[in-house]
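Student: attaching a predicted model along with its sequence, questions to come.
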Amino acid sequence: MTGTGSLLRLVLRRDRLLMPLWIVCLALAPVGYLSSIKAAYPDAAARQHFYDLNASSATFVVRNGPLYGSSLGNLLAWQCGFVPVVVGLIALLTVVRHTRTEEEAGRRELTGATVVGRHAGLAAAVLATCGACLMYGLVVGLGVAAQGVPAAGAFALGGGFALTGWVFAGVGAVAAQLTWGASGARGVGIGALVLAFLLRAAGDSSGSAGWLAWLSPIGWAHRMRPFAGEQWWVLALGVVATGLLVALAVALSARRDLGAALLPARLGRATAKASLRSPLALAWRLQRGTLVVWTVCLALVGLLMGGVARNVAEMMRDNQAVGEIFSRMGGGGAVTDAYLAGTMTLFGLAAAGYAVQATLKLRAEEAGGRAEPVLATAVGRVGWAAGHLAFAVLGSAFLLAVTGLATGAAYGSGASLVPAALAQLPAVWVLAGLAAALIGFFPRFAAAAWGLLGGFLLLSLVGTALRWNDVVLGISPFQHLARLPGGTFTVAPVLWLALIAVVAGAGGLAALRRRDLPVG
């Protein structure tokens with residue numbers, strides 16, 4: 001463990017911008033939810049009506065978890081039911097980034113050549129991640145308690161979020177020992193996260209199999225029961241599970257060589273296929289797994305949200321304030337159209353996440369030293385980059401089309417939501433163009449594209465609920481799109497956003513063509 005403190009400071013220095021950003025932005029969500037709940041359900045009768053409609057709805061329970069009561073705090077905890085999933089995802093990705101990614105890039109070998117113990121890097125990554133999750137839980141508790149709800153419930157809510165992050169930090173530590181690359185470790189970790197969500201959903205939606213939720217760290221966050229008779233002892237489950245997972249990761253790390261993995265790697269072909277003779281084909285080979293995972297996950301969410309749309313009209317019909325919130329988020333017209341339009345905005349933000357990831361693959365290939373051998377052939381920089389950008393542009397269109405199709409199929413009534421989903425494309429392309437511009441002009445800060453997406457997400461989710469100034473909300477390209485279904489489609493915003501995306505992307509390609517490669 002020698003050198004753990006020094007490596008911990010290194011991790012914190014590298015994440016000095018990213019870590020505070022996700023803590024603050026994600027902490028604003030519960031505060032924004034609480035303000036919107038107060039506006040939508042100002043009295044006990046309105047909150048009781050909401051509880052009567054949703055407490056027994058299997059679709060809502062699958063999405064958000066159990067609703068324990070009709071108080072303001074109960075509704076807040078239920079509304080934040082998906083937050084533990086997000087915190088768990090951030091935690092496992094952070095640990096993988098500072099462990100397996102470091103090995104894959106060769107930096108772990110350099111630090112290991114100094115006076116650093118074998119397990120110091122793993123310990124530093126886990127400590128930094130768990131510390132960030134704990135800080136997030138405290139910020140949530142303080143922010144929610146300041147809004148006038150019971151402090152015990154507020155800190156139990158934040159503690160449940162931190163608990164989930166701790167456990168999945170341990171999951172990320174174990175996953176980093178199993179596979180040969182960081183992408184494989186991320187896949188294993190995300191698979192565990194999906195399994196935990198499914199166990200929680202199955203347990204909460206089935207009275208006879210409620211014990212399944214106790215097998216899930218996400219279920220433990222709900223079993224903290226914030227604002228409903230807090231069960232603080234559940235925190236011990238998270239602490240014990242985290243300790244066991246980290247101990248397992250340390251034991252597995254001791255059994256493998258640096259850069260190796262416990263799971264055998266699949267051997268490749270001796271010669272490449274003819275289909276890999278172009279930059280676009282190579283990009284397809286590198287990007288296809290990411291596209292498939294995003295498509296499957298968003299299609300499943302689309303099925304869930306489409307099923308919820310069947311019940312949302314009844315919930316919103318008797319509450320004008322709720323209808324107004326959905327209208328500001330996503331569109332006018334009937335309450336169901338407003339809900340579906342708001343859902344399409346969320347899907348657009350998710351597709352933008354895929355577009356950013358697909359675009360940043362360029363930077364990953366460059367930083368990993370894999371771009372140089374390709375560019376040493378007859379392949380030009382622009383052609384190489386355009387192959388990856390094609391997936392950011394066309395892949396996001398495919399992703400939204402499938403998601404719209406799945407949502408419409410679950411909603412029924414012969415609805416086709418594919419056009420409504422595709423209406424989000426111009427804003428998605430703006431994010432891809434900005435990511436390409438960062439890669440070209442400021443490659444060391446390319447990851448800031450995730451910060452831009454986080455800012456737009458904050459404006460769309462929290463800003464609309466709190467009725468921020470229209471000028472501030474207009475910073476997000478998603479605010480300028482047609483709100484479909486139910487809204488009116490206009491061509492001008494589409495053309496302007498497309499122009500911004502083209503200019504940003506073209507500028508990034510031009511800068512990439514002229515600058516040094518690679519830039520560390």
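Tutor: Thanks, I have the structure now. Numbering: from 1, shown residues only.
Student: who are the packing partners of the helix or strand harbouring A350?
Tutor: Here A350 sits within helix 335-367, counting by DSSP states H and E. Contacts defined by 3 or more C-beta pairs under 8 Å, 6 or more residues apart in numbering; DSSP states H and E place helix 335-367 against helix 279-317, helix 320-330, helix 371-375, helix 381-390, helix 396-411, helix 418-422, helix 425-441, helix 448-458. Where you see a C-beta, it was placed from the backbone N, CA and C, and this is true even at glycine.
Student: now do the fifth one against helix 335-367, angle only.
Tutor: Compare the direction of helix 396-411 with that of helix 335-367 by axes from the mean of the first three to the mean of the last three C-alpha atoms, to 10 degrees and you get 150 degrees.
Student: list the buried residues of helix 396-411.
Tutor: 396-397, 399-408, 410-411 (16 or more other C-beta atoms under 10 Å).
Student: how many residues are close by the nearest residue to M224 once chain neighbours are set aside?
Tutor: Excluding its sequence neighbours, the residue lying closest to M224 (C-beta to C-beta, 6 or more residues apart in numbering) is G160, at 4.2 Å. G160: 30 surrounding residues under other C-beta atoms under 10 Å.
Student: per-residue confidence at A27?
Tutor: On the pLDDT scale, A27 is placed at 86.
Student: next: L244.
Tutor: Taking L244 on its own, its pLDDT is 95.
Student: give the full set of residues in contact with A432.
Tutor: Taking C-beta atoms under 8 Å, 6 or more residues apart in numbering, we find A432 in contact with A352, A355, V356, A358, T359, L389, A392, V393, S396, A501, G505.
Student: what about the nearest residue to the last one once chain neighbours are set aside, how many neighbours?
Tutor: It refers to G505. The shortest distance from G505 to any non-neighbouring residue, by C-beta to C-beta, 6+ apart, is to G433 (4.0 Å). Close neighbours of G433, defined as other C-beta under 10 Å, add up to 27.
Student: in which helix or strand does the residue nearest in space to the middle of the chain reside?
Tutor: Note on the chain: the residue nearest the mean C-alpha position is V86, at 5.7 Å, using C-alpha atoms, centre = their mean. Secondary structure from DSSP H and E places V86 in helix 83-98.
Student: from the contact counts, what lies against that helix?
Tutor: Using 3+ C-beta pairs under 8 Å, 6+ apart, helix 83-98 is in contact with helix 18-40, helix 120-145, helix 151-178, helix 182-205, helix 217-223.
Student: so for R483, which of these sits nearest?
Tutor: helix 18-40 (18.2 Å; C-beta to C-beta).
Student: and that closest one, how far out from the chain middle?
Tutor: Distance of helix 18-40 from the chain centroid (C-alpha atoms, centre = their mean, to the nearest Å) equals 15 Å.
Student: by how many degrees do that helix and helix 151-178 diverge?
Tutor: Inter-element angle recorded for helix 18-40 and helix 151-178: 140 degrees (by the same axes, to 10 degrees).
Student: helix 18-40: what's the following helix or strand?
Tutor: helix 44-54.
Student: mean confidence for the helix or strand just after that next one?
Tutor: Per DSSP H and E, the first helix or strand lying C-terminal to helix 44-54 is helix 58-64. Mean pLDDT, helix 58-64: 71.
Student: next one: stretch 389-396
Tutor: Across stretch 389-396, pLDDT averages out at 92.
Student: only the buried residues of it, if you could.
Tutor: Buried-residue list, stretch 389-396, by 16+ other C-beta under 10 Å: L389, A390, F391, A392, V393, G395, S396.
Student: the closest residue to the second one other than its chain neighbours: neighbouring residues, count only.
Tutor: Leaving aside its sequence neighbours, A390 sits nearest to L280 (C-beta to C-beta, 6+ apart; 6.3 Å). One way to gauge burial is a neighbour count; for L280, by other C-beta under 10 Å, it gives 16.
Student: kindly report the same for T271.
Tutor: 7.
Student: quick check: pLDDT value at it.
Tutor: So T271 comes in at 75 (pLDDT).
Student: show me the contacts for it.
Tutor: By C-beta under 8 Å, 6+ apart, T271 has no neighbours at all.
Student: reduced to three states, what does it come out as?
Tutor: The assignment at T271 comes out as coil when based on DSSP: H, G, I helix; E, B strand; the rest coil.
Student: quick one, what contacts the residue nearest to L304 when sequence neighbours are not counted?
Tutor: For L304, ignoring the flanking residues on the chain, the nearest one in space by C-beta to C-beta, 6+ apart is R63 at 5.8 Å. Residues near R63 by C-beta under 8 Å, 6+ apart: G81, F82, A201, L304, M305, V308.
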